[in-house]
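K.L.:
what follows is a predicted structure for the sequence shown.
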Amino acid sequence: MEDIERALARMADGTYGLCVTCGDRIPVARLEVIPWAEQCVKCKARGERRR
């Protein structure tokens, strides 16, 4: 639920669809699958590898 609320807040402030890490656009295909995505695939993968 928190993820969705953050996505709605990003829609309101005009930053929805932009990666919070690098600032690049998140591809529409990713947003169609995960509408609350905050990171592009590249940044998300980089974060997953660090764990």
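P.N.:
Arrived safely.

K.L.:
so Ala37: helix, strand or coil?
P.N.:
Secondary structure, DSSP: H, G, I helix; E, B strand; the rest coil: Ala37 is coil.

K.L.:
this protein: helices as residue ranges?
P.N.:
Residue ranges of the helices in the chain, as given by DSSP state H, are 2-13, 28-33, 41-50.

K.L.:
between those helices, which gets nearest to Cys22?
P.N.:
Set against Cys22 and scored by CB to CB, the helices of the chain come closest in helix 41-50, at 5.4 Å. Glycine gets a C-beta too; all of them are placed from N, C-alpha and C.

K.L.:
just the CA atoms of that closest one, as PDB, please.
P.N.:
What follows is helix 41-50 as a C-alpha-only set of coordinates in PDB (Å, rounded to 0.1, in the frame of the first residue of the first chain):
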ATOM      1  CA  VAL A  41      15.600  -1.900 -14.500                       C
ATOM      2  CA  LYS A  42      19.300  -1.000 -14.600                       C
ATOM      3  CA  CYS A  43      19.300   0.700 -11.200                       C
ATOM      4  CA  LYS A  44      17.100  -2.000  -9.700                       C
ATOM      5  CA  ALA A  45      19.400  -4.700 -10.900                       C
ATOM      6  CA  ARG A  46      22.400  -2.900  -9.500                       C
ATOM      7  CA  GLY A  47      20.800  -2.600  -6.100                       C
ATOM      8  CA  GLU A  48      19.800  -6.300  -6.100                       C
ATOM      9  CA  ARG A  49      23.400  -7.400  -6.900                       C
ATOM     10  CA  ARG A  50      24.700  -5.400  -3.900                       C
END
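
K.L.:
output the contacting helices and strands for it.
P.N.:
Judged by 3 or more CB pairs under 8 Å, 6 or more residues apart in numbering; DSSP states H and E, helix 41-50 is in contact with no other helix or strand.
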